[in-house]
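Asks: generate a structure from the sequence data that follows.
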Amino acid sequence: MITETFRLLGDPTRLKILLACLSEPKCVNDVASEVGITGSLTSHHLRLLRGARLVRAERQGRQIFYVAADSHVNAMLAEMVAHIRQPAEDEDDT
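Replies: Predicted coordinates:
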């Protein structure tokens, strides 16, 4: 399960989609516009992210909105970003 999750997030488009869904629920068209891809491709990626329990769908009237599945997803991405932004520690060459 962990390897599958990281494989999914290794795709730059899926990562952008997930990041777009972190702050608030968004419909497919809004996510597609923000990421710069078609609605059809966005739906495909969202289906994969939903299958991995990284996003969840919320129905509001006739539309479906997608948002990060829970606080664990937000925390995981926040920790990854913090790790990447952290200056590399000097390694001992001895």
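Asks: in terms of helices and strands, where is the residue most central in space within the chain?
Replies: Closest residue to the average C-alpha location of the chain: Leu18 at 1.8 Å, with C-alpha atoms, centre = their mean. Using DSSP states H and E, Leu18 falls within helix 12-20.
Asks: buried ones in that helix?
Replies: Within helix 12-20, the residues that qualify as buried are Arg14, Leu15, Lys16, Ile17, Leu18, Ala20, counting by 16 or more other C-beta atoms under 10 Å. From N, CA and C alone the C-beta is placed, and that goes for glycine too.
Asks: likewise for stretch 46-62?
Replies: Residues Leu46, Leu49, Ala52, Leu54, Val55, Arg56 are the ones in stretch 46-62 that count as buried (16+ other C-beta under 10 Å).
Asks: which residue packs closest to Leu46, ignoring adjacent ones?
Replies: Tyr66 (5.5 Å; C-beta to C-beta, 6 or more residues apart in numbering).
Asks: the longest helix anywhere in the chain vs helix 12-20, what angle?
Replies: With secondary structure taken from DSSP state H, the chain has its longest helix at helix 71-85. Interaxial angle of helix 71-85 relative to helix 12-20 (axes from the mean of the first three to the mean of the last three C-alpha atoms, to 10 degrees): 120 degrees.
Asks: quick one: residues contacting the residue nearest to the centre of the chain.
Replies: By C-beta atoms under 8 Å, 6 or more residues apart in numbering, the contact set of Leu18 is Leu9, Leu49, Leu54, Val55, Ala68, Val73, Leu77.
Asks: can you show me the helices along this protein?
Replies: 2-9, 12-20, 28-35, 39-51, 71-85.
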